[in-house]
Structure formats: C-alpha cells, structure tokens
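*Asks:* Return atomic coordinates for the entry below.
(2 chains)
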2 protein chains.
Amino acid sequence: MSDQWINNERLSGQISFLVEIDKLKSVLRKTFLIDKSRLENTAEHSWHVSLLAVVLLEHANDPSLNLNHVIRMLLLHDLVEIDAGDTFAYDTQGYLDKEERENAAARRLFGLLPEDQRGEWMELWREFEDGVTYEAKYAAALDRLHPVIHNYYTGGVSWKNNGIVKSQVLKRLEPVREVSDTLWKFTLEILQRSIAQGILLDDPVTEEE
Amino acid sequence: MSDQWINNERLSGQISFLVEIDKLKSVLRKTFLIDKSRLENTAEHSWHVSLLAVVLLEHANDPSLNLNHVIRMLLLHDLVEIDAGDTFAYDTQGYLDKEERENAAARRLFGLLPEDQRGEWMELWREFEDGVTYEAKYAAALDRLHPVIHNYYTGGVSWKNNGIVKSQVLKRLEPVREVSDTLWKFTLEILQRSIAQGILLDDPVTEEE
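*Replies:* Residues are numbered from 1 along each chain as shown, chains lettered A, B, ... in the order given. Next comes the predicted model:
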C-alpha cells in the first residue's frame, strides 16, 4: 500500500512502511505464551524483549551501555521475518539460506522508508546481526534468554515438541555468558532446574571407558 | 509466580514482573490487524506504536524531544490493562472508574519490581497518563493515531462495529494537533478520505435555520 498523503513524499513512505510492518503480528514463533494458550508472534516478542532489556540492564557487566540503541535494535531486529519467516533457532537446514532471505527482506522493507532512514535502519539491523558491538551482544543475549524463560514457565512445551537437548540451548545462549555474569548464573540455574523437572532433556551420555 | 533465582532478590522480582507482563499479549483491543484476520492485542500494539514514535519523529513540531523517554513510556503505558482491561476509547461508561482500576493495577504490577525501579516506572506511567509534558503528548498522539491508521486500512471495521462518528475521533486526536502540524494535516486528510469512502460516519447534521 503506497498511498500519497498530504503531498508529502517522506510521510507517505513512512506510513507505507508502518502499515507494512503490521504483518509481523502474524509471524508465529515456536514459543508459546506463558499461559500456553497459543504460539507467540514476533511483534509481541519484540515488545517483550525490549522490556527485558530495560528491566535487566543493571545486570549487564557494563551497565553504561547505550540502552536506547539496544531498544531500537530490538524493536526492529525481527522485521525481516515478514518476508523471510521465523527460522527456528535449532533449524540447521533453515539456517543455510537464512542470511540471503533476510538480506532481501531488509532491502525491501527498509526500502519503503526515506533514504536517510533506510540507511540508518539497515545499519542498526546489520549491527544486531553481526553481533560485534557490546550493545548488539546484550540485545542478542535477551533475545535468546526470552524463549528460555517461556519454555521454563510452560513446562518446556516448545523444547519437547522439537526434541531440544541442553547443549543446544547452552550453545545458543553464548551471548548471555559474554555480557552478564549474573544473567549467566541465572541461565545455568534455569537450565539445571528444567532438567531436574524433566522440562529439558539432558544430553545423551557418550560412552566413556 | 515469584520463584527465587540465584539468591538474588532483585533479579527474582524482575523475573516475576517480566513473566507477569506476558499477560498483556492476551488483552484484546477493539482494533483489527490490517489484514482483518483478528483483533489486535495490547502487547503488539505497544510495539507498533513505539516504532511509529521512532519513524515519525521528524514531524513533531519540536523534534528535539526526548525520544528515548517516549519509547519507554509507550512500551509500558498499557501494562495496567493486564488487570484493568482495555477501556475502549469511546466507552464513556468504562471511563468512569478507569482511573481507579488502573491505579490499583499499576500498584500491583510495578510492585513486583525492586523499589527503585517501581518508583521510576510509576513515574513514567503517571507522566503518560497526565499528558502534560511534551513527551507525554507526543506519545499520546501516536497512541491515538495508530488505531485511526488501522481503521482506515481495514475499511473502518472497528468504527463501524461501534457506531463511531467523526467528531468523536477528532476529539480523541487532540494531542496530535498539539504536537505536530504535519501529523495533524495527515489526520484531517485520513478522516476526510474515510468519510468520502464511507468508512467513517460524518456527524449528524443538526438543524439550523
């Protein structure tokens, strides 16, 4: 939808973009709401994880990080799923062409915005994807911790549905270890409790002499 | 749910809060998604309107406003609906005890957070509700513009379902007029087109001599 509004090119592009991103509310993740009533969609996940970033800031090893930058990244980090779909964290097949699909999506979606904003948003999204800056790592840490909390409080329904084992989750949570000693301790405890309660499968024991 | 985590009182309270606010994803608004597939929930609305605030900033009469403050307000402004429910913008009956219901909700929800954060969040929420600062007005403007855009692009389904007429919408959009000449022009144009297309009812003509 690219209506012209009040003879203002910039505003018209921005409204097209804002209308288009409504579709993120229909992209479903593998994670359930905590009351298990349905799968979570990516728009509400983006809201929730932005609030995680605000509330848990004090636990970052460097809490002087640029939180506003983090929130911006988290609000937009999954927009590409509108075209590329949600690639399940443990879907190794889906990850093969994930980058290519998401790059095309970013070009199309951010392309609806005026040129200066397009560049700015592309950069923010790239920064999140590259995961090099401390802000990108903190954002990724919360993005990955969020489904673990949901899994714990739903009895591991998504882990069970997909036959996930502890080592897969731990590997995925590496950014948490990098940015926060406190949140890493929390991560280890929630995984340990999950295994004790039969919510998450421990890794199969390999034969040792 | 108030589990204790890693013997850390603060973190445990914060996790309780973050688990509790998941319920906002189940609070339904009167607005439909733009593809009309279902009603919008308040969590995804909060995400969408935060992005409106970022994308449309340049159109504020004073774009030097504190955007980060606005985004924080928008992320949390509707949390009280978890207890108090979504009061439809045009429900005069529901508005009678809205303040009381929402105050109690704020005390319970923000009460899950450590004391310093509780105070900070209460203040942010109060600032939004009071609508006095420029930031609160800008946040309210987008919060109110958002369902208008949804109504326009869904053929006015929520307006029609609830028999809403133009003057009601205009009154509700007053904050837009206060913060942005450009967005106010846009508002008048979208309402005018809505009436021309039969999406929104014009006011009944009162008898004049």
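*Asks:* Format the CA atom coordinates belonging to stretch A:2-17 as CSV.
*Replies:* Only the C-alpha atoms of stretch A:2-17 are listed here, as CSV (Å, rounded to 0.1, in the frame of the first residue of the first chain):
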residue,chain,number,x,y,z
SER,A,2,1.7,3.2,-1.1
ASP,A,3,-0.9,5.9,-0.8
GLN,A,4,0.2,9.5,-1.2
TRP,A,5,-0.6,11.6,1.9
ILE,A,6,-0.8,15.4,2.1
ASN,A,7,1.7,15.7,-0.9
ASN,A,8,4.4,14.7,1.5
GLU,A,9,6.8,12.1,0.0
ARG,A,10,8.6,11.3,3.2
LEU,A,11,5.4,10.9,5.3
SER,A,12,3.8,8.8,2.6
GLY,A,13,6.8,6.4,2.5
GLN,A,14,6.8,6.2,6.3
ILE,A,15,3.1,5.4,6.5
SER,A,16,3.6,2.7,3.9
PHE,A,17,6.3,1.2,6.0
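*Asks:* and stretch A:86-104, how far apart are its ends?
*Replies:* 15 Å (CA to CA, to the nearest Å).
*Asks:* contacts for it?
*Replies:* Contacts to stretch A:86-104, defined as CB atoms under 8 Å, 6 or more residues apart in numbering or on different chains, come from residues A:27-30, A:42, A:78, A:80, A:83-85, A:129, A:144, A:147, A:162, A:164, A:168, A:172. Where you see a C-beta, it was placed from the backbone N, CA and C, and this is true even at glycine.
*Asks:* average pLDDT for it?
*Replies:* Averaged across stretch A:86-104, the pLDDT comes to 84.
*Asks:* do the same with stretch A:155-163
*Replies:* 93.
*Asks:* List the contacts of it.
*Replies:* Under CB under 8 Å, 6+ apart, the answer for stretch A:155-163 is A:30-32, A:36, A:88, A:90, A:147, A:150-151, A:164, A:169, A:194, A:197-201.
*Asks:* All the helices of chain A, residue numbers only.
*Replies:* Taking DSSP state H as the criterion, chain A carries its helices at A:9-20, A:42-55, A:67-76, A:81-84, A:92-95, A:98-110, A:115-130, A:134-153, A:157-161, A:166-172, A:174-179, A:181-196.
*Asks:* could the ones you listed be laid out in CSV, adding distance to B:L109 and mean neighbour count?
*Replies:* Output for the helices of chain A, formatted as CSV (distance: least, CB to CB, whole Å; neighbours: other CB atoms under 10 Å in any protein chain shown):
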stretch, distance to B:L109, mean neighbour count
helix A:9-20, 28, 19
helix A:42-55, 12, 24
helix A:67-76, 20, 22
helix A:81-84, 29, 20
helix A:92-95, 37, 11
helix A:98-110, 33, 16
helix A:115-130, 29, 16
helix A:134-153, 17, 23
helix A:157-161, 25, 18
helix A:166-172, 29, 16
helix A:174-179, 26, 19
helix A:181-196, 21, 18
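*Asks:* and those, which one is worst for confidence?
*Replies:* helix A:92-95 (a mean of 79).
*Asks:* Filter the contacts of stretch A:155-163 down to the buried ones.
*Replies:* Buried members of the contacts of stretch A:155-163, scored by 16 or more other CB atoms under 10 Å in any protein chain shown, are A:30-32, A:88, A:90, A:147, A:150-151, A:164, A:169, A:194, A:199-201.
*Asks:* which residues are in contact with the lengthiest strand in chain A?
*Replies:* In terms of residue count, the longest strand belonging to chain A (DSSP state E) is strand A:28-32. Residues from elsewhere that reach strand A:28-32 (CB under 8 Å, 6+ apart): A:38-42, A:45, A:86, A:88-89, A:146-147, A:150-151, A:154, A:157-158, A:161-162.
*Asks:* rewinding a little: could you export the helices of chain A as CSV, including distance to B:V70?
*Replies:* Listed next are these as CSV, based on distance: least, CB to CB, whole Å:
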stretch, distance to B:V70
helix A:9-20, 16
helix A:42-55, 13
helix A:67-76, 11
helix A:81-84, 24
helix A:92-95, 36
helix A:98-110, 22
helix A:115-130, 17
helix A:134-153, 20
helix A:157-161, 34
helix A:166-172, 33
helix A:174-179, 26
helix A:181-196, 27
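*Asks:* Many thanks, I have nothing further to ask.
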